[in-house]
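Asker: what shape does this take:
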Amino acid sequence: MKKILVLYFTQSGQMKDILSGLCADIQDKAQIDFAPISLVNPYPFPWAQYDTFFDAMPESVLGITFPVNPMPQIMEKDYDLVILGYQPWFLSPSIPFNSFLHSEWSAVLKDKPVVTVIGCRNMWLNAQERVKNRLQELNARLVGNIALDDKHPNIASTLSIVRWMLKGQKEATEKSPEAGVSMADIKASKRFGNTILYWLQEQQADDALQPQLLAEGAIQLRPNLIVMEGNGARLFPNWAANARKLGLPGDPARQKVLKKFKVVLFISIFILSPVSGSLAKLKTILQKKKIMDDLHYFRGIKYIKGKIGKEVMPAP
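Answerer: Now for the predicted structure:
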């Protein structure tokens, strides 16, 4: 039997549900070990207040890491495949997941084929580029990527995410839809399990799996989101650096910058998004070849430095 390690971070339990669903049909066909990632000082869920979540923005964007709880059990076996489940925070890998990637326990990834599984609202490209880069540094081999997102309209999904983050309610209400990745999509993720296991058992080439996953609907990427996320990925590091200069997490001195960032972000989502969305769609028409090239790239597993956003140098 092939041995598969499933590493993931989750606050709400959604990523655990996604990965459990993905592995549902192969539990008896492979040895599968699930290992959750956690910080020594974890973030709350639901978040105590929205400002608490925004206080995590600078460290998320700048790639600041925090101590991870020891995971010696993941070093005990020689795994044939590692599945990594994570979610973006502020267009970057979440702090707990990024902290794992820079911890001693990330050595388990060396020389291993890796499949990344993303659960998000709608933007994940910049986060995945940073994960790709780190996997290369760890001498891991990215062979597949699955991105599950919230398919509701931008404003509706934002409102439902806010409700989920502050109240812990994923279920739909009369005023807003189900938050995050839909339960239907989570249940349907089991289709990917057999595809991954077949690739693993047949010892196919590293570049053979992703086309099979794409045929199963692993990534449904709207071209205009490439443009919109690129804009955010270039701006977020400036806000993060300015806030970090004023203090560390929890320092009231940096709240003024973070509150301005929150206002600008909400204005962009609730007021300017129809305009920016239209401009992004226009850009996809005017730069059709470039956008189609980008679409092909982001649906794949190759890594080319500088494809989106800008390089971020971690703060001290």
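
Asker: mind listing the helices for the chain?
Answerer: Assigned by DSSP state H, the chain shows helices spanning 14-22, 50-54, 57-62, 95-101, 125-137, 154-167, 183-188, 191-201, 209-215, 223-246, 255-267, 273-286, 288-298.

Asker: my guess is Met165 contacts Trp47, does it?
Answerer: Yes - between Met165 and Trp47 there is a contact under CB atoms under 8 Å: 5.2 Å. C-betas here are computed from N, CA, C, even on glycine.

Asker: so for those two, which residues contact both of them?
Answerer: Phe53 (CB atoms under 8 Å, 6 or more residues apart in numbering).

Asker: quick one on the thing from earlier: so which of the helices of the chain is nearest Asp111?
Answerer: Closest to Asp111 of those is helix 125-137 (CB to CB; 11.4 Å).

Asker: list the buried ones in that closest one?
Answerer: Within helix 125-137, the residues that count as buried by 16 or more other CB atoms under 10 Å are 125-132, 134-135.

Asker: that one vs helix 223-246, what angle?
Answerer: Going by axes from the mean of the first three to the mean of the last three CA atoms, to 10 degrees, helix 125-137 is angled at 70 degrees with respect to helix 223-246.

Asker: quick one: residues in contact with helix 125-137.
Answerer: 63, 84, 86, 88, 91-93, 98, 101-102, 109, 114, 116, 118, 120, 141-142, 145, 147, 225-226, 229-230, 232-233, 298, 301, 303, 305, 307-309, 312.

Asker: next: stretch 26-33.
Answerer: So stretch 26-33 is contacted by 1-6, 23, 73-74, 77, 79, 193-194, 196-197, 200 (CB under 8 Å, 6+ apart).

Asker: for these, which one is nearest Leu265?
Answerer: Val6 (32.5 Å).

Asker: I'd guessed the closest one sits against Tyr79; true?
Answerer: No - taking CB under 8 Å as the definition, Val6 is not a contact partner of Tyr79, at 9.8 Å.

Asker: related to what we said a few turns ago, ranking by neighbours, what's the top pick from the contacts of stretch 26-33?
Answerer: When neighbours are counted by other CB atoms under 10 Å, Ile196 leads those with 26 neighbours.

Asker: look up the closest residue to Lys77, ignoring the ones flanking it.
Answerer: Once flanking residues are discounted, Lys77 sits nearest to Lys3: 5.7 Å by CB to CB, 6 or more residues apart in numbering.

Asker: same question for Pro67.
Answerer: Nearest one to Pro67, counting by CB to CB, 6+ apart, is Val40 at 4.3 Å.

Asker: hang on, isn't that neighbour packed against Asn69?
Answerer: Yes - taking CB under 8 Å as the definition, Val40 is a contact partner of Asn69 at 5.8 Å.

Asker: what about these two, which has more around it?
Answerer: A count of neighbours by other CB under 10 Å puts Asn69 above the other of Val40 and Asn69, at 15 against 10.

Asker: distance check, the residue lying closest to that one once chain neighbours are set aside against Pro96.
Answerer: Once flanking residues are discounted, Asn69 sits nearest to Ser38: 4.8 Å by CB to CB, 6+ apart. Relative to Pro96, Ser38 is positioned 7 Å away (CB to CB, to the nearest Å).

Asker: what pLDDT does Ser273 get?
Answerer: On pLDDT, Ser273 comes in at 59.

Asker: scratch that, Val68
Answerer: 98.

Asker: correct me, but it touches Val40?
Answerer: Yes - using CB under 8 Å, Val68 is in contact with Val40, at 7.1 Å.

Asker: now the residue nearest to Lys77: how far from Leu101?
Answerer: According to CB to CB, Lys3 stands 21 Å off from Leu101.

Asker: please identify the buried residues of stretch 189-208?
Answerer: Per 16+ other CB under 10 Å, stretch 189-208 contains these buried residues: 189, 191-193, 195-197, 199-200.

Asker: I meant to write stretch 26-45 there.
Answerer: For stretch 26-45, by 16+ other CB under 10 Å, it's 26, 29-30, 32, 36-37, 39, 43.

Asker: residues near the closest residue to Phe192 other than its chain neighbours, how many?
Answerer: Excluding the flanking residues, the one nearest Phe192 by CB to CB, 6+ apart is Leu22, at 5.3 Å. Look at Leu22: counted by other CB under 10 Å, it has 26 neighbours.
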